[in-house]
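1. dropping a prediction and its sequence here:
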Amino acid sequence: MQENYYLFFILALLAEILGTVSGFGSSILFVPLASIFLDFKVVLGITAVFHVFSNLSKIYLFQKGIDKKIALKLGIPAVVSVIIGALLTHYIPQKQTEMGMNAAIFCLAIYLLLGGHHNIKQSDSNLYLGGGISGFLAGLIGTGGAIRGLTLSAFHLPKDVFIATSALIDMGVDSSRAVIYVANGYFTREHLMYIPFLIGISIVGSYLGKQILKKIPEAVFHYIVLGIILLMSAIQMGKYIIQ
């Protein structure tokens, strides 16, 4: 890993920038990238800790856009279910679960790109369901931002509101699972050296993402979110097929 530090942190910065622009956080990009360098359970621990700083940066930069009602309705089920998912990491095979999740997300993203979001009700029940599923997957396989992004995309929120609300929800999710991962030994003292770099990357990446976002029209933002989700789910499925 030592000889690949620079590449690892450059990829983390790229994940943070794209995660900010897309609005659903860097984990969907960071988890597969970090898995190239580190054991998967270590990746879970580092991702959770990294995301705590990442979310703090985005909450500060986009704080005026937070929709508290949506954050609570989506966030509370997410926090509860992420604890369950994190506790089950010892028992459920992550690879098969992640493959199935990415296949489902790929199909759902295509459906929404083709206009299917008009058929999804902007209801509390969908927020509860989206929060529960996204939290559970975040705890189990390290990333649930795609499900949260798909859920929020149906509500056609302005981009600042989308990003700020998603970051606040993610803050609760990542703080909860970080405690469990640390307790399980996924993040140990030897990984503390990453923290200063991860803090810097989260601040710089969130800031650069915000600057890029200023140049993106609201009408295009929805398609960028779905496009990135579609691309990453396809890459993830391809990785497991090749293996």
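-> Nice, I can see it.
2. find the centremost residue of the chain, please.
-> G145 (3.4 Å; CA atoms, centre = their mean).
3. distance check, that one against T20.
-> 11 Å (CB to CB, to the nearest Å). To be clear about C-beta, it is placed using only N, CA and C from the backbone, and glycine gets the same treatment.
4. what's the answer for V31, then?
-> V31 is 16 Å from T20, by CB to CB.
5. of the two, who's got more company?
-> Each of V31 and T20 has its neighbours counted (other CB atoms under 10 Å); T20 has more, 28 against 23.
6. now the more buried one. Nearest residue, chain neighbours left out?
-> Spatially, and ignoring its direct neighbours in sequence, T20 is nearest to G209 (2.6 Å; CB to CB, 6 or more residues apart in numbering).
7. contacting residues for that neighbour?
-> 16-21 (CB atoms under 8 Å, 6 or more residues apart in numbering).
8. restricted to buried residues, select those in PyMOL.
-> A single PyMOL command is used to select the members of these judged buried by 16 or more other CB atoms under 10 Å:
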select buried, resi 16+17+18+19+20+21
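9. now the contacts of G209 in a markdown table, with distance to V49 and pLDDT?
-> A markdown table is the format used below for the contacts of G209 (distance: CB to CB, whole Å; pLDDT from 0 to 100):
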| residue | distance to V49 | pLDDT |
| --- | --- | --- |
| E16 | 14 | 87 |
| I17 | 19 | 88 |
| L18 | 19 | 81 |
| G19 | 15 | 79 |
| T20 | 18 | 83 |
| V21 | 22 | 82 |
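10. pLDDT (mean, whole number) over the host helix or strand of A219?
-> If you go by DSSP states H and E, A219 is part of helix 218-242. For helix 218-242, the mean per-residue pLDDT is 73.
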